[in-house]
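> I would like to see how this sequence folds:
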Amino acid sequence: MTLSAHLIPNARLAHSLPETDQACEPDERQDAVLSQQDQADVIALAMSVSGGASAQLHLPEIDAQPAMLPALIHIATELLLDTDGQPIGRITVFDHTSRQLTASQQADLTALARQISQQVTARRTVLRLEAALQSLEVLSATDALTGLQNRRAFEQRIRQEFARARRYDLALSFLMLDVDFFKHFNDLHGHQAGDRMLHRVAQTLQKKSRGQDTLARFGGEEFVVVLPNTGRDGALVLAERYRLAIESLGVAEVTVSIGVATLDMTMQSPDELVNAADRALYRAKGSGRNKVIEAPRN
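Below you'll find the model as predicted:
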């Protein structure tokens with residue numbers, strides 16, 4: 001009998017194991033449910049319970065028979081079943097000579113298959129829960145109408161960027177944008193058209209934003225942009241880029257007014273930065289709209 005373990009090609013557990021009528025291509029697998037060391041331990045245990053024969057752990061393709069190794073004869077196979085009794089794989093024992101497992105060896109192999117099944121099923125459940133949690137986290141940070149980050153996500157981000165900028169003496173700027181005459185647009189065209197317009201504005205802003213920036217819906221027709229590592233001049237250029245992009249949509253009633261604020265070291269909290277941009281926005285709207293106004297600097 002051989003004491004070496006033989007793993008079949010691609011016998012790697014994927015976190016999305018295929019159903020019984022599906023094949024799992026190697027390049028579709030991502031995270032292993034069982035590590036290579038776990039699999040080696042399984043093989044070693046299988047050999048011990050089967051009297052030293054070769055063992056193969058096969059999980060990806062349920063219907064396909066494992067590749068037969070040279071000079072080895074199939075001795076026994078145990079299916080791996082999930083909690084619903086559906087096959088998720090198999091463990092197979094080979095030997096150089098034809099024989100049968102003893103009753104004790106067969107019982108041990110059956111118990112081993114049950115243990116593997118429980119481990120695989122439990123790991124699959126954990127991975128599904130982790131994926132669901134990640135999806136919920138994304139949803140909780142996303143504005144449903146525009147697809148941008150919501151106010152909760154923005155407030156968390158600006159606290160982080162404010163603390164980082166203060167600690168390392170980095171530049172930080174902030175924009176607050178308000179869609180001009182949006183109430184008039186809603187009254188004239190209806191709320192559904194207004195929602196579509198906000199979504200269109202959000203998409204336009206997103207196309208003009210940089211990867212490092214955080215663009216969020218602040219509420220109603222207001223949007224905000226956190227600009228890390230960006231000083232006054234860069235913030236004004238970006239604000240004007242946003243203003244022109246919305247103006248270029250060609251909707252006569254819809255433009256944006258923008259307030260710009262840049263961090264100075266007298267500011268002790270992110271609220272001061274936000275309030276400075278808000279006051280600048282108020283001035284922009286009060287002086288004709290469709291313009292960029294910078295907050296006074298200390």
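> just so I have it, where are all the strands in this structure?
Listed in chain order, the strands found in the chain under DSSP state E are 54-58, 73-81, 87-95, 172-179, 214-219, 222-228, 256-262, 292-294.
> among those strands, where is the model least confident on average?
Mean pLDDT across the strands of the chain is lowest at strand 54-58; the value there is a mean of 60.
> pLDDT of stretch 193-205, averaged?
Averaged over stretch 193-205, pLDDT sits at 93.
> between the strands of the chain, which gets nearest to residue 102?
Nearest to residue 102, of all the strands of the chain, is strand 73-81, at 10.9 Å by CB to CB. For every residue, glycine as well, the C-beta is placed using N, CA and C.
> so which of the strands of the chain comes closest to residue 185?
Using CB to CB as the measure, strand 172-179 is the one of the strands of the chain that comes nearest residue 185, at 7.9 Å.
> Can you add mean neighbour count and distance to residue 250 and give the strands of the chain back as CSV?
What follows is the strands of the chain, written out as CSV (neighbours: other CB atoms under 10 Å; distance: least, CB to CB, whole Å):
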stretch, mean neighbour count, distance to residue 250
strand 54-58, 24, 61
strand 73-81, 18, 61
strand 87-95, 21, 56
strand 172-179, 25, 15
strand 214-219, 20, 22
strand 222-228, 24, 19
strand 256-262, 26, 14
strand 292-294, 22, 20
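> how about the ones you listed, which one is nearest residue 274?
Closest of these to residue 274 is strand 172-179, at 6.5 Å (criterion: CB to CB).
> Which strands border that closest one, and is each parallel or antiparallel?
The partner list of strand 172-179 in its sheet, established with DSSP bridges, is strand 222-228 (antiparallel), strand 256-262 (antiparallel).
> which residues touch the first one?
In this case it means strand 222-228. Residues lying outside strand 222-228 but in contact with it, judged by CB atoms under 8 Å, 6 or more residues apart in numbering, are 148, 154, 157-158, 161, 164-165, 170, 172-179, 201-202, 205, 209, 212-218, 234-235, 238, 242, 274, 277.
> repeat that with 6 Å
Applying CB atoms under 6 Å, 6 or more residues apart in numbering, the set of residues contacting strand 222-228 from outside is 154, 157-158, 161, 173-178, 212-218, 235.
> before we move on, what about stretch 272-290?
Judged by CB under 6 Å, 6+ apart, the contacts made with stretch 272-290 from elsewhere in the structure are 174, 176, 178, 180, 255, 257, 259-261, 263, 267, 291, 293, 295.
> Please apply the same query to stretch 136-148.
For stretch 136-148, using CB under 6 Å, 6+ apart, the contacting residues are 149-150, 153, 195, 199, 202, 215-217.
> what comes up buried for it?
If you call a residue buried by 16 or more other CB atoms under 10 Å, then stretch 136-148 has these buried ones: 141-143, 146, 148.
> what do you get for stretch 280-287?
For stretch 280-287, using 16+ other CB under 10 Å, the buried residues are 280-281, 284-285.
> how about a markdown table for the buried residues of stretch 136-148, with distance to residue 82 and pLDDT added?
Written out in a markdown table, the entries for those read as follows (distance: CB to CB, whole Å; pLDDT from 0 to 100):
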| residue | distance to residue 82 | pLDDT |
| --- | --- | --- |
| 141 | 33 | 74 |
| 142 | 33 | 87 |
| 143 | 38 | 89 |
| 146 | 41 | 92 |
| 148 | 40 | 93 |
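> which residue ranges form the helices in the stretch 101-250 of the chain?
Shown for the stretch 101-250 of the chain, the helices assigned by DSSP state H, counting those that start in this stretch span residues 103-140, 151-168, 182-189, 191-208, 232-247.
> quick revisit: turn the contacts of stretch 272-290 into TSV, including distance to residue 101.
TSV is the format used below for the contacts of stretch 272-290 (distance: CB to CB, whole Å):
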residue	distance to residue 101
174	71
176	74
178	77
180	80
255	80
257	80
259	78
260	77
261	76
263	73
267	75
291	84
293	83
295	80
